[in-house]
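# Structure of the sequence below:
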Amino acid sequence: MANLRRQQYYYFFFLTIYILTGAGALILGNVWLSQAAAGGAPREAVISRQIEQAGTIIGGVVVGTAVFGVVGGAAPIKLKVILTSFIFMLIGAMLAELGLGGVIWFKTLRMRSLYQSQWPIWPDTLKIAFQDMTSLAGYGQCCGYTQFTGVVLSGACADPNQQFDGCEEKVSAFADGYLRKLNDEERYIRIRNKEGRTYTNVI
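Numbers count the residues shown, from 1 in each chain. As a prediction, the model looks like this:
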């Protein structure tokens, strides 16, 4: 009996981490979607609104399936069917998360061609955000994706006497830097979780 109780403690410890992961994805997804609704978030060039929606849904699924884990874990012998169902749900949620990560990774393999085809359909607010972005070191004002192509006539780009390079290099540099930052954030979170400390995601 004592051994079963100990196993339950371990089980609920990892279940808590599972719940926090889902809740984090749910909250972060909603924050990102609300920012996207306001328009002009450069992050959308790397993580599209569809991916943000998928991540939010997966976060909700994780939290929802965790209910079965809590109920089944409270009485694993009596409620064995529920616990077994949770295990299958857990595997499904993990596969969905891996699939979403794979979509983002494959997207990075063809960034330039992808952005060139997406630039024309991006909202003007997102294009302007890149054109006027000055926070990216080594990249100043730019207009359009390539020079004279897909220019949004706003700010400095509305001046016919000014000629700026296209934003192709800036968009690629931003995407690369953002993905590296995401990777660093995940690594720091894992380190702090091992040390028993919390970490605030600032992306």
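# so what pLDDT did the residue lying closest to residue 52 once chain neighbours are set aside get?
Distances taken as CB to CB, 6 or more residues apart in numbering put residue 32 closest to residue 52, at 4.8 Å, once the chain neighbours are dropped. From N, CA and C alone the C-beta is placed, and that goes for glycine too. For residue 32, the pLDDT comes out at 80.
# And for residue 179?
We have a pLDDT of 74 for residue 179.
# Report the separation between it and residue 123.
22 Å (CB to CB, to the nearest Å).
# more neighbours, these two?
Neighbours per residue, other CB atoms under 10 Å: of residue 179 and residue 123, the larger number sits with residue 179, 17 against 13.
# Hmm, that one is touching residue 45, no?
No. Look at residue 179 against residue 45 with CB atoms under 8 Å: they stay out of range, at 10.9 Å.
# So this protein: which segments form each domain?
Domain assignment of the chain by automatic domain parsing yields the ranges 2-109, 111-203.
# rank these by mean pLDDT and give me the bottom one.
Among the domains of the chain, domain 111-203 carries the lowest mean pLDDT (a mean of 78).
# Centre of the chain to that one, how far?
Once both centres are worked out by CA atoms, centre = their mean, to the nearest Å, domain 111-203 turns out to sit 15 Å from its chain's centre.
# which residues does the residue lying closest to residue 70 once chain neighbours are set aside contact?
Using CB to CB, 6+ apart and skipping the chain neighbours, the partner closest in space to residue 70 is residue 15 (6.8 Å). Shown in contact with residue 15 (CB atoms under 8 Å, 6 or more residues apart in numbering): 66, 69-70, 73.
# What separation is there between residue 15 and residue 79?
When residue 15 is compared with residue 79 (using CB to CB), they lie 14 Å apart.
# again, but for residue 156
Residue 156 is 65 Å from residue 79, by CB to CB.
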